[in-house]
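K.L.:
Provide a 3D model corresponding to the input given below.
(one chain, ligands or ions: 2)
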Amino acid sequence: MTDAHANSERSPVLGCIADDVTGATDLATNLVQGGLQVTQFLGVPSQEALREVSADAVVVALKTRSIPIADAIEESVASLNAMREAGIGRFYFKYCSTFDSTPQGNIGPVAEALMDELNVSQAIFCPAFPANGRTVYQGHLFVYQKLLNESGMENHPLNPMTDSNLIRVLQQQSTRSVGLIDYQTIEAGTDQIREELKRLEQEGIPLVITDSCDEQHLQRLAQVVADAPLITGGSGLGRYLGETYRETGAVTSHERTAVPPEITGRSLVLAGSCSTMTNRQVANMKEFAPAFQIDVRKLMNNSERLLEEVLEWSQAHDPSIPLLVYSSSPPETVQRLQQELGAEGVAESIERFHASFAERMVNEHGVRRLILAGGETSGAVVRQLGISQLQIGPAICPGVPWTTSDSDPPLALALKSGNFGSEHFFREALEMLP
Ligand SMILES: Nc1ncnc2c1ncn2[C@@H]1O[C@H](COP(=O)(O)OP(=O)(O)OP(=O)(O)O)[C@@H](O)[C@H]1O
Ligand SMILES: O=C(O)[C@@H](O)C(=O)CO
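P.N.:
Ligands and ions are numbered 1, 2, ... in the order given. Have a look, this model is predicted:
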């Protein structure tokens, strides 16, 4: 036990920095499924908060995916340094399994800044998450059977992904050279992966995309990189760090079973993601629950009036019935609204609206169970609710757990990444609660 953790039963061996809040809970649930205890912070934690942590891993959720590069670097490095000061020595930079970014995007610059800070000469980039259909083959990212740029991600409202070649995408964002550990090497085994990483390093290639098509590939990669000072990737790799840490003795604690939050009260689903799957989930929930669609033009015209309208609507329903409020729309509608009203302004105003509505429903109307769809949407809402810490509960589907907030009153929160979950996700999530 280090001095920094004199108050806690166990000191974290891994510090994670996630570029959005749904991504953070995604990584946290994968780490938990791999047998680690995890504490998740929202925003850069204080030393005092870090000293209180009794967990094997800490996950810091930021909202840096789509902000200016300099700000994303500053917050990510601040998170890294806070965790280093608290005695943590290994780090994981978590970004989206669909590598959400633009050519000026933040993944490359943030990863390079973290490498500089930690003085590391090489880092892997492993976005694969096969449990959710994200695989990488010969450097190309697939979403199930489709290439990334034909998967619907080419229509993303903030980070349209128009190139599935990750070597090209990462190279455009980075100053260092990008290489590949290919499928054949991953198939060959851990020794070959280690040798290839060494060879690439000798050739002056510090940024390495890793092919990964299945769980065994991720397990092998985890064995190779578990002790590295810096890993970068989606959440899939996180699933296998626990077993490697236990094999090497880095973690010796007992595993605990994650239990659903025992929180009763009104249930609300807020959907701001416009992903293909969230649109289907919204359509599905409309079949069994009252639903209110946010009219974006009305919102841009007078958000206060719309807020009162939706509050009034929600009050007209029996509090025992879950409600759905959504801005999710198909790509054609999103494009039209963006052209008409300006993409950034629309996105921000909608996020603010979701956040204000959630705050009023929690503070004034008894909502205690909240399901949020979309990373940016969730980030805006949890920030407004002043939540700073989450305990990770059981998984609803791969990458989405129930969590319990540290707020007063505590909330049962499910933060769903846009494309995750089945069509029945909202019903499945609600049915897990007591
Ligand atoms: N009808 C709409 N028109 C235009 N933009 C919208 C609309 N509804 C929501 N948005 C904006 O689109 C963005 C959706 O991003 P968000 O991160 O919430 O979802 P996502 O990217 O699908 O999820 P994830 O990042 O978890 O994969 C938000 O900024 C949101 O405000
Ligand atoms: O990795 C993913 O796909 C998700 O955790 C995510 O980051 C979506 O915002």
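
K.L.:
tell me the confidence at the residue located most distally from the centre of the chain?
P.N.:
Of all residues in the chain, the one whose C-alpha sits farthest from the chain's mean C-alpha position, using Cα atoms, centre = their mean, is Ala316 at 34.2 Å. Among the per-residue scores, Ala316 shows a pLDDT of 97.

K.L.:
ok, it to Met285 distance?
P.N.:
To Met285, Ala316 is 18 Å away according to Cβ to Cβ, to the nearest Å. Every C-beta, even on glycine, is put in place using the N, C-alpha and C of the backbone.

K.L.:
with Asp214 instead?
P.N.:
Between Asp214 and Met285 the distance is 32 Å, computed by Cβ to Cβ.

K.L.:
who has more neighbours, those two?
P.N.:
More crowded of Asp214 and Met285, by other Cβ atoms under 10 Å: Met285, with 24 against 13.

K.L.:
quick check: the more buried one touching Gln293?
P.N.:
No. Between Met285 and Gln293 there is no contact, the gap being 11.9 Å when judged by Cβ atoms under 8 Å.

K.L.:
pLDDT score for Ala4?
P.N.:
With respect to pLDDT, Ala4 has a value of 43.

K.L.:
begin at 333 from here
P.N.:
Sure, I'll start numbering at 333, so the last one becomes Ala336.

K.L.:
before we move on, the earlier item: tell me the spacing between the residue farthest from the centre of the chain and Pro622.
P.N.:
In this structure, Ala648 lies at 9 Å from Pro622, with Cβ to Cβ as the measure.

K.L.:
cool, and Glu527?
P.N.:
Computed with Cβ to Cβ, the distance linking Glu527 and Pro622 is 59 Å.

K.L.:
the two: which has the busier surroundings?
P.N.:
Set side by side, Glu527 and Pro622 show unequal neighbour counts under other Cβ under 10 Å, the larger going to Pro622 at 16 against 12.

K.L.:
phi, psi for that one please.
P.N.:
Note on Pro622: its backbone torsions stand at phi -60, psi 140 [degrees, to the nearest 10].

K.L.:
so how far is Ser688 from it?
P.N.:
Look at Pro622 and Ser688: by Cβ to Cβ, they are 20 Å apart.

K.L.:
check contacts around Pro592.
P.N.:
Taking Cβ atoms under 8 Å, 6 or more residues apart in numbering as the contact definition, Pro592 lies against 725-726, 734, 744, 764-766.

K.L.:
measure the closest residue to Gly355 other than its chain neighbours to ligand 1 for me?
P.N.:
Leaving aside its sequence neighbours, Gly355 sits nearest to Lys426 (Cβ to Cβ, 6 or more residues apart in numbering; 5.4 Å). Distance, Lys426 to ligand 1, using Cβ to the nearest ligand atom, to the nearest Å: 12 Å.

K.L.:
how many neighbours does Lys426 have?
P.N.:
By other Cβ under 10 Å, the burial measure for Lys426, its neighbour count, is 28.
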